[in-house]
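Visitor: Okay, predicted coordinates and the sequence, questions at the end:
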Amino acid sequence: MKRLLPLYVIAIYAFLHVPLLILCGFSFNSSKFTVWEGFSLVWYEAMWNDGVLAEATWNSLVIAVVSTVVATAVGTLGAYGLWKKNSRLLSGSMYLSLVTPEIITGIAMLATFQWAFRYLHLQLGMTTVIFAHVTFSMAYVLLVVMARLRTADPALEEAALDLGATEWQAFRLVTLPMLKPGIAAAALLAFTVSFDDYVITALVAGVDSETLPMVLYAMARRGANPVVSAISTVIFVGLGLLIVVSERLQKT
Amino acid sequence: MMRLRAFFLLPAWAFTLLLFLAPMGIIVVYSLQTKGVYGGVGEPWTVENYVRLFDPLYGVILLRSFAMAGAATFGCLVLAFPLALYISRSGTRKTLLLNLVMLPFWTSFLVRTYAWMFLLRDTGLINSMLLGMGLISEPLPLLYNDGAVVVGLIYGYLPFAVLPLYSNLERLDKGLLEAAADLGAKPWEAMLHVVLPLTAPGMRAACVLVFIPSLGAYLTPDLLGGGKSMMIGNLVQNQFTSARDWPFGAALSLALMAVVMLLLWALLRRDCEEML
């Protein structure tokens, strides 16, 4: 057993990493087929010159940035409010929204938007996508910030209030600075879940709001395409860099 | 005193009410209505949609979803337990090894699923290699079947099983293993009678965390299973799009939600306080 366990563990790590490494490796293949011919950047060039892809990436970034900022603010304030006094209905809804299968969340939101459009002059598009993204990423933010608040000492705020601070000052000057690492981690999580989402986005998106995962999905469905490997590599490296940089920032 | 709190909770309440609770309410209403001629919903009110859940036509898909989610959960446990055990015993390298488990998880889910399509499809890497070596004369049908979906689910949710098992094993009292050894237990006996029973909470959490997203999976069966290996999620999507039967889709969604909540309650009842 002593000797078998390390081998088993190596096999599991291979299972986790080899498929992605192979995908990245073949994005540099000059052949269209899955036989190695030689090193080439043709698929990256094709990716770079693809107008649809560029627009979808831009849409994804706009949606992810806007929804991250809103969800982080709303979620942090909400977590603080719940820390002061828990509301079972609200925290229960948050946990429920985290375990609800995405396809159900998406369809329920679509049904709601379509119902609302009978009364409002709006249509599916960037706005509906952003609203949907804020809603699901807010639950992640709330969870992460609440975990951080659980380690906080309520006596610190009480001391601030005793010394004449207003409620707002106690929040702004005592608790908020302490929450910074938690908020940063929550924002990063919100960004990645928003940037990555396909199921809910595809349901509530309109003609003007095609996102990167939607384009990627369509390409993957259509069949083998090395450009997808190239995009995957860029996403892999990009998100990896984002995580490393944010970890560094949190430490300093 | 609490004025600030009320003000702070307002936006979170607004989003939750308007975009989570109200949508769920609309689904409940739809599930009790009848489908209209051109899609959409209307009167009369009925429970027919719930009765149809027991139609064998859909029963096959429901049963297959449970079987595949069960297989994925089993696979994740078999892989995750030794891995978590190894990591919990590896001293200073713990953080590195855990981060290596989490690394693929931070990549796009779509990319991770595509990586398996790349390996398994007829013109994919495995088939091209086997063909190249002359071991097979025509491509093996690796993609678009139940097996591919289960592998995709295991690949997608393995970290969800590793993390709770690791934190459980990490807190395990090493003295108990020494005591078992002193009392004459062989390592595997100590594993079976001491470690396994004590990791039951971690196992339960791992099961729930893998089974629930697997049961409600949409993207994995859609991409790796094709049309042949549908799960509940795909059936729901189908009812809302091509079949245009919103009431039945709504009833299906609620049935799935009910199963998810029942499982959460049954498995985490004992550990709930700790989780929340």
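Guide: Perfect, I can see it now.
Visitor: Leaving out sequence neighbours, find the closest residue to residue B:90.
Guide: residue B:97 (6.0 Å; C-beta to C-beta, 6 or more residues apart in numbering or on different chains). C-betas here are computed from N, CA, C, even on glycine.
Visitor: Tell me how many other residues crowd that neighbour.
Guide: 18 (other C-beta atoms under 10 Å in any protein chain shown).
Visitor: Residue A:173 too?
Guide: Residue A:173, neighbours per other C-beta under 10 Å, totals 12.
Visitor: got the contact list for it?
Guide: Contact analysis of residue A:173 by C-beta atoms under 8 Å, 6 or more residues apart in numbering or on different chains lists A:160, A:165.
Visitor: The nearest residue to residue B:109 once chain neighbours are set aside and residue B:111: what is the separation?
Guide: Spatial nearest neighbour of residue B:109, excluding adjacent residues (C-beta to C-beta, 6+ apart): residue A:196 at 5.9 Å. For residue A:196, the distance to residue B:111 equals 9 Å [C-beta to C-beta, to the nearest Å].
Visitor: do residue B:63 as well
Guide: 31 Å.
Visitor: more neighbours, these two?
Guide: residue B:111 (26 against 11).
Visitor: so where does that one fall, helix or strand?
Guide: Using DSSP states H and E, residue B:111 sits within helix B:109-120.
Visitor: Now do the buried residues in the next helix or strand after that helix.
Guide: Per DSSP H and E, the first helix or strand lying C-terminal to helix B:109-120 is helix B:125-132. For helix B:125-132, the neighbour count (16 or more other C-beta atoms under 10 Å in any protein chain shown) marks B:125-128, B:131 as buried.
Visitor: can I get these in CSV with pLDDT and distance to residue B:82?
Guide: As requested, the buried residues of helix B:125-132 are arranged in CSV below (pLDDT from 0 to 100; distance: C-beta to C-beta, whole Å):
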residue, pLDDT, distance to residue B:82
B:125, 83, 27
B:126, 85, 25
B:127, 84, 30
B:128, 83, 32
B:131, 85, 34
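Visitor: Which members of those additionally contact chain A?
Guide: Contacts with chain A within those, counted by C-beta under 8 Å from any C-beta of the partner chain: B:125, B:128.
Visitor: What's the local residue count around the closest residue to chain B within the stretch 101-250 of chain A?
Guide: Residue nearest to chain B within the stretch 101-250 of chain A: residue A:101 (2.5 Å; C-beta to the nearest C-beta). Residue A:101: 23 surrounding residues under other C-beta under 10 Å.
Visitor: Grab the most central residue of chain A for me.
Guide: residue A:193 (1.8 Å; C-alpha atoms, centre = their mean).
Visitor: mind listing the helices in the stretch 151-276 of chain B by residue range?
Guide: B:174-182, B:187-190, B:196-198, B:200-215, B:219-224, B:232-240, B:246-268, B:272-275 (DSSP state H, counting those that start in this stretch).
Visitor: Comparing these, which comes out most buried?
Guide: Among these, the stretch with the highest mean neighbour count (mean count of other C-beta atoms under 10 Å in any protein chain shown) is helix B:219-224, at a mean of 26.
Visitor: Quick one: mean pLDDT over that helix.
Guide: Averaged across helix B:219-224, pLDDT comes to 93.
Visitor: Also stretch B:73-91?
Guide: 92.
Visitor: List the buried residues for it?
Guide: B:73, B:75-77, B:79-88.
Visitor: Dump the residues you listed into JSON lines; add secondary structure and distance to chain A as well.
Guide: Compiled in JSON lines, the buried residues of stretch B:73-91 are given as follows (DSSP: H, G, I helix; E, B strand; the rest coil; distance: C-beta to the nearest C-beta, whole Å):
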{"residue": "B:73", "secondary structure": "helix", "distance to chain A": "15"}
{"residue": "B:75", "secondary structure": "helix", "distance to chain A": "11"}
{"residue": "B:76", "secondary structure": "helix", "distance to chain A": "11"}
{"residue": "B:77", "secondary structure": "helix", "distance to chain A": "12"}
{"residue": "B:79", "secondary structure": "helix", "distance to chain A": "5"}
{"residue": "B:80", "secondary structure": "helix", "distance to chain A": "8"}
{"residue": "B:81", "secondary structure": "helix", "distance to chain A": "10"}
{"residue": "B:82", "secondary structure": "helix", "distance to chain A": "5"}
{"residue": "B:83", "secondary structure": "helix", "distance to chain A": "5"}
{"residue": "B:84", "secondary structure": "helix", "distance to chain A": "10"}
{"residue": "B:85", "secondary structure": "helix", "distance to chain A": "7"}
{"residue": "B:86", "secondary structure": "helix", "distance to chain A": "5"}
{"residue": "B:87", "secondary structure": "helix", "distance to chain A": "8"}
{"residue": "B:88", "secondary structure": "helix", "distance to chain A": "12"}
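Visitor: which residues does residue B:70 contact?
Guide: So residue B:70 contacts residue B:211 (C-beta under 8 Å, 6+ apart).
Visitor: Could you list the low-pLDDT ranges of the chain?
Guide: All of this refers to chain A. A:1-2, A:251-252 (pLDDT under 70).
Visitor: should've been chain B
Guide: Using pLDDT under 70, chain B drops low at B:1-2, B:38-39, B:268, B:270-276.
Visitor: Any idea which residue of it lies closest to chain A?
Guide: Taking C-beta to the nearest C-beta, chain B has residue B:216 as its residue nearest chain A, at 2.5 Å.
Visitor: That residue: neighbour count?
Guide: Quick note: residue B:216 (other C-beta under 10 Å) scores 25 neighbours.
Visitor: Now it: closest residue in space, sequence neighbours ignored.
Guide: Per C-beta to C-beta, 6+ apart, closest to residue B:216 is residue A:101, 2.5 Å.
Visitor: Helix or strand: which one has the closest residue to residue A:144 other than its chain neighbours?
Guide: Once flanking residues are discounted, residue A:144 sits nearest to residue A:186: 4.0 Å by C-beta to C-beta, 6+ apart. Using DSSP H and E, residue A:186 sits in helix A:176-196.
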